[in-house]
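1. only geometry, no sequence info:
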């Protein structure tokens, strides 16, 4: 029974793979090729810094938006913090003192914490969970390159060093993306706890109340309220993106299915 079931599944995968290849061939017809030719021409017409910017523009744009927002947060947060200090008849602080305060550390780290948790879990969950029709999911019946056993590419001279080496380096490399994201989450979580405890203790001193340690702050409902209110928004946004990408499109985006793809087709 198991052998027959596997054979039926293999035939179904083969049919799905052939259909996917036909669809990809249709969707990389003249218009898609013209877009690729245009990009290739733009690359060949650039050199040095201009080529670097073109080939890395997505990262550079994201980092630029991050820096703009981060500077805005610092300036607005510094002003808000000083207004709160004045309301308690305390002297305002300089920008340097604000950047080392619990108010700044807590506000920054709790947001980074939720982002890295969301990305780490999304990377991990998409390895074995699916959503038919979503561009954010692996296809269910067609072969996926990400499922290839890396040991099959050990003799490929262009494969990354851990793939060619095998053993423990390959074990680490196979999961390095999710490990890195969860490490960043852990660091942000700790900084959130430290900054939150500092901010909490500042408020306690203003009201003549006893202070607590960072470890004790981890058991405080305020810390978990700050965490959960950010976590839920991140998970909700991921779920919305996964679902909307089934029916909605964005021409030219790597996060969208082709505009001509049907709703039931899964994968980018």
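-> Thanks, I have it. Note that the structure is a prediction, hence the values are computed from the model and not measured.

2. from here on, contacts and neighbour counts on C-alpha atoms
-> Fine.

3. And stretch 200-212, what's buried?
-> Applying a neighbour-count criterion of 16 or more other C-alpha atoms under 10 Å, one finds 200, 201, 202, 211 buried in stretch 200-212.

4. Show me those that map onto helices.
-> Assigned to helices by DSSP state H, the following of the buried residues of stretch 200-212 qualify: 200, 201, 202.

5. got the residues you listed as CSV, with distance to residue 57 and pLDDT columns?
-> Formatted as CSV, those follow (distance: C-alpha to C-alpha, whole Å; pLDDT from 0 to 100):
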residue, distance to residue 57, pLDDT
200, 41, 95
201, 43, 95
202, 42, 91
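
6. Next, work out how far apart the residue most central in space within the chain and residue 216 are.
-> For the chain, residue 119 is the residue whose C-alpha lies nearest the centre (C-alpha atoms, centre = their mean; 3.5 Å). Noted for residue 119: a distance of 28 Å to residue 216, by C-alpha to C-alpha, to the nearest Å.

7. Point out where the protein drops to low pLDDT.
-> 1, 9, 11, 13-14, 16-17, 19-28, 268 (pLDDT under 70).

8. care to break it down by domain?
-> 44-95, 101-268 (automatic domain parsing).

9. quick one: buried residues of stretch 261-268?
-> For stretch 261-268, by 16+ other C-alpha under 10 Å, it's 261, 263, 265, 266, 267, 268.

10. And the furthest pair within the residues you listed?
-> For the buried residues of stretch 261-268, the maximum inter-member distance is 11.8 Å, found between 263 and 268 (C-alpha to C-alpha).

11. which residues sit in contact with residue 123?
-> By C-alpha atoms under 8 Å, 6 or more residues apart in numbering, the contact set of residue 123 is 177, 178.

12. 7 Å instead, please
-> For residue 123, the contact set (C-alpha atoms under 7 Å, 6 or more residues apart in numbering) comprises residue 178.

13. those helices in the stretch 101-250 of the chain, which residues are they?
-> In the stretch 101-250 of the chain, the helices defined using DSSP state H, counting those that start in this stretch lie at 102-125, 161-165, 167-174, 176-206, 214-217, 221-247.

14. and residue 74, which of the ones you listed is closest to it?
-> Distance to residue 74, taken as C-alpha to C-alpha, is lowest for helix 102-125 among the helices of the stretch 101-250 of the chain, at 7.8 Å.

15. Same list (the buried residues of stretch 261-268) but as a markdown table, adding distance to residue 49.
-> Shown next, in a markdown table, are the buried residues of stretch 261-268 (distance: C-alpha to C-alpha, whole Å):
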| residue | distance to residue 49 |
| --- | --- |
| 261 | 37 |
| 263 | 41 |
| 265 | 39 |
| 266 | 38 |
| 267 | 34 |
| 268 | 31 |
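
16. now, which of those lie within helices?
-> Under the assignment DSSP H, these contribute nothing to helices.

17. Looking at the residues you listed, spot the one nearest residue 105.
-> Nearest to residue 105 among these: residue 268, at 37.7 Å, using C-alpha to C-alpha.

18. just to revisit the earlier point, same list, the domains of the chain, but as CSV with distance to residue 10 please.
-> Putting the domains of the chain into CSV (distance: least, C-alpha to C-alpha, whole Å) gives the following:
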stretch, distance to residue 10
domain 44-95, 39
domain 101-268, 9
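
19. so of these, which one's packed in deepest?
-> domain 101-268 (a mean of 17; mean count of other C-alpha atoms under 10 Å).

20. Please name whichever of the domains of the chain is nearest to residue 30.
-> The minimum distance between residue 30 and these falls on domain 101-268, with 14.4 Å, by C-alpha to C-alpha.

21. Look up how far residue 15 lies from the residue nearest to the centre of the chain.
-> Applying C-alpha to C-alpha to residue 119 and residue 15 gives a distance of 33 Å.
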